[in-house]
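S.K.: only geometry, no sequence info:
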């Protein structure tokens, strides 16, 4: 009886309002540090010099990716704790959490030993560091090694908070930590240009961030205070889930970056610039699905444990809302690719990169939608499916990429990348259907709209001249708005939108009066 009561008490973890608020918090948490970076980086380049700044970027990358040393345990902890919350087994969470954190601490210490040990080889042989800076950079890299256990444990603590849908708390820490990553080195510049205090400040900030995460976890899960517990039986599921997650975490980024190396090898580094610049711009759209999917992953795990119908509702809404947010933006990019690039970077860049930008924009749109079934499959406890999919995709993608780049240049690379994510999306949506009740699978209206959207984007590439492009955008936008309002949004969603508009309009009216 107590378990059922606990279970019903956890149902709020999948409420629509909570998930929407958490998505907004994720967007703020991801975007705020980027704003600080824009202003900080030029000052750091001028103050440190290009060589030291180059090493600092490596330090940022290492701190950012040190969580890979946790072999997916942070994500595994989020999934398993969310599942326990969904099934009402809250009493098992402290044991699971401490076992995971102790495992991650051990892996972090091992990772620190590796980085500290190979630092001299990296500086003197692997990296082209100026001789005058080598001793300074070795010391800085060894300092970075000390941060690895802290970064990994912090990832586990963050995963525990995310499983409880405490994204407001997570981002209340993510924002100052992210800002400090760029602002911290600025505090050192008036006193020293050496990398040692710069990196030392970053490492100290990560230690403080880890303690802050631990303090919040002890508040959210007070049972953690009783004792530190190791449970060997819990380590197995954590390691199995985390191992498959690691496969995806390694193979996925490989398929994202290998195209640039092939372009550099088969064409030229100038061609890489023409390809990578539109890629870096359009992939910023991933902030939207990333913010939403980060919230939905634990929500899927929680709802999957007690109510698959609820998981299906969340799944359908996530796909629909990502579509509604991104389609107008992607349509604008596809229609105005040539004109926008010409205005921003000049006629030569526009001539070489416009088609690439159009293909990649469509690919990012498809991939953004596919992140929902990806999160569903992993939230249901089957990361092996996504990992195996990536392992099968990798050699096929590399062969196709080699052929298309040789035959069609950078546009061929963009075509293959978009084709891969389209096939990936088709398979992932098939996986998602397996895990959901057939009666509650993706709504036919949404599927029809997706097909219509892709056809519209294909037609958008044919529009020539600003007048024709303006007419095309106006007509398609009007059709999109009407279709969304009358066919895609449910009566409840339309009523909610109307109430929101009336409240805002009422506030404005009263303020004017």
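M.R.: Thanks, I have the structure now. Bear in mind that the values here come from a model prediction, so they are computed numbers and not experimental data.
S.K.: beyond the helix or strand bottoming out on mean pLDDT in the chain, next helix or strand please.
M.R.: None of the helices or strands of the chain scores lower by mean pLDDT, DSSP states H and E than helix 2-9, at a mean of 45. Heading C-terminal from helix 2-9, the first helix or strand you meet, by DSSP states H and E, is helix 16-48.
S.K.: can you name every helix or strand that that next one contacts?
M.R.: Counting contacts by 3 or more CB pairs under 8 Å, 6 or more residues apart in numbering; DSSP states H and E, helix 16-48 packs against helix 50-65, helix 167-188, helix 287-306. In short, each C-beta sits where N, CA and C put it, glycine included.
S.K.: what's the angle from it to helix 287-306?
M.R.: Here the directions of helix 16-48 and helix 287-306 differ by 140 degrees (axes from the mean of the first three to the mean of the last three CA atoms, to 10 degrees).
S.K.: next up, the contacts around the spatially most central residue of the chain.
M.R.: Residue closest to the average C-alpha location in the chain (CA atoms, centre = their mean): residue 290, at 4.1 Å. When contacts are counted by CB atoms under 8 Å, 6 or more residues apart in numbering, residue 290 touches 26, 30, 371.
S.K.: might you report the residue contacts of the residue nearest to residue 421 when sequence neighbours are not counted?
M.R.: Excluding the flanking residues, the one nearest residue 421 by CB to CB, 6 or more residues apart in numbering is residue 367, at 4.2 Å. By CB under 8 Å, 6+ apart, the contact set of residue 367 is 286, 421, 424-425.
S.K.: one more pass at 10 Å, please.
M.R.: Going by CB atoms under 10 Å, 6 or more residues apart in numbering, residue 367 touches 283, 285-286, 289, 360, 374, 417-418, 420-422, 424-425, 428.
S.K.: what's the distance between it and residue 196?
M.R.: From residue 367 across to residue 196, the span is 41 Å (CB to CB, to the nearest Å).
S.K.: then residue 203?
M.R.: According to CB to CB, residue 203 and residue 196 sit 11 Å apart.
S.K.: out of the two, which sits in the busier spot?
M.R.: Higher neighbour count among residue 203 and residue 196: residue 203, with 21 against 17, using other CB atoms under 10 Å.
S.K.: report the buried residues of stretch 279-289.
M.R.: By 16 or more other CB atoms under 10 Å, the buried positions in stretch 279-289 come out as 279, 281-283, 285-286, 288-289.
S.K.: nearest to residue 333 among those residues?
M.R.: Within the buried residues of stretch 279-289, the smallest distance to residue 333 is 6.5 Å, found for residue 282 (CB to CB).
S.K.: which SS class is that closest one?
M.R.: Put simply, residue 282 is helix when judged by DSSP: H, G, I helix; E, B strand; the rest coil.
S.K.: go on, the one 3 residues further on?
M.R.: Here residue 285 is helix, with the state taken from three-state DSSP.
S.K.: give the contact list for it.
M.R.: Applying CB under 10 Å, 6+ apart, the residues near residue 285 are 322, 325-326, 329-330, 333, 361, 364-365, 367-368.
S.K.: so how far is residue 28 from it?
M.R.: Here the criterion is CB to CB. By it, residue 285 lies 17 Å from residue 28.
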